[in-house]
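1. Need coordinates for the below:
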Amino acid sequence: MSSRLDAYLAAMNESFDAAEARIDQAQALATTTEQMRVEGESTDRMVTVIVDGTGQMVDVRFDDQFARLDAGQLAHGVLEAHAQAKRRLSFEVEQAAREIYGPDVAAAAAITGSYRSTFGYEEYSR
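-> Now for the predicted structure:
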């Protein structure tokens, strides 16, 4: 084969390997987010909501003192905790994307930007 053809094939293989690596990274992030469970609390700490990697509520817990709340306060607590859990989810997804893609990859920025624009963002200590 000619050196020009060899160079072309080498470049194609390199591009294929890079694309395959991106697919592997995307699958790793998808698997990671599928397994995520993130908590949020109401300000009064009477309600804790847990969301999955898509922001869907998968569990809600009430403090033993929740019975003293009226229906409106309880509803507000659930919504407040759910909103916080989703903001924290954006943080968790960003951390996972940085670990999987590295800090400067456009794909990670696009994914985390989508979560931020949908749910907001809140850093927190795990």
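
2. Closest to the centroid, which residue in this protein?
-> Val93 (2.7 Å; C-alpha atoms, centre = their mean).

3. how close does the residue lying closest to it once chain neighbours are set aside get to Ala96?
-> Leaving aside its chain neighbours, Val93 sits nearest to Tyr115 (4.9 Å; criterion: C-beta to C-beta, 6 or more residues apart in numbering). Every residue, glycine included, has its C-beta placed from N, CA and C. Distance of Tyr115 to Ala96, computed by C-beta to C-beta, to the nearest Å: 11 Å.

4. any low-confidence regions in the chain?
-> Along the chain, the parts satisfying pLDDT under 70 run over 1, 126.

5. buried ones in the longest helix along the chain?
-> Ranked by number of residues, the top helix in the chain under DSSP state H is helix 3-35. Of the residues in helix 3-35, 25, 29, 32-33 count as buried by neighbour count, 16 or more other C-beta atoms under 10 Å.

6. Please, where are all the helices along the protein?
-> Using DSSP H, helices in the chain cover 3-35, 71-101, 106-119.

7. ok, back up a step: next, format the buried residues of helix 3-35 as CSV and append distance to Asp44.
-> Shown next, in CSV, are the buried residues of helix 3-35 (distance: C-beta to C-beta, whole Å):
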residue, distance to Asp44
Gln25, 41
Leu29, 35
Thr32, 32
Thr33, 30
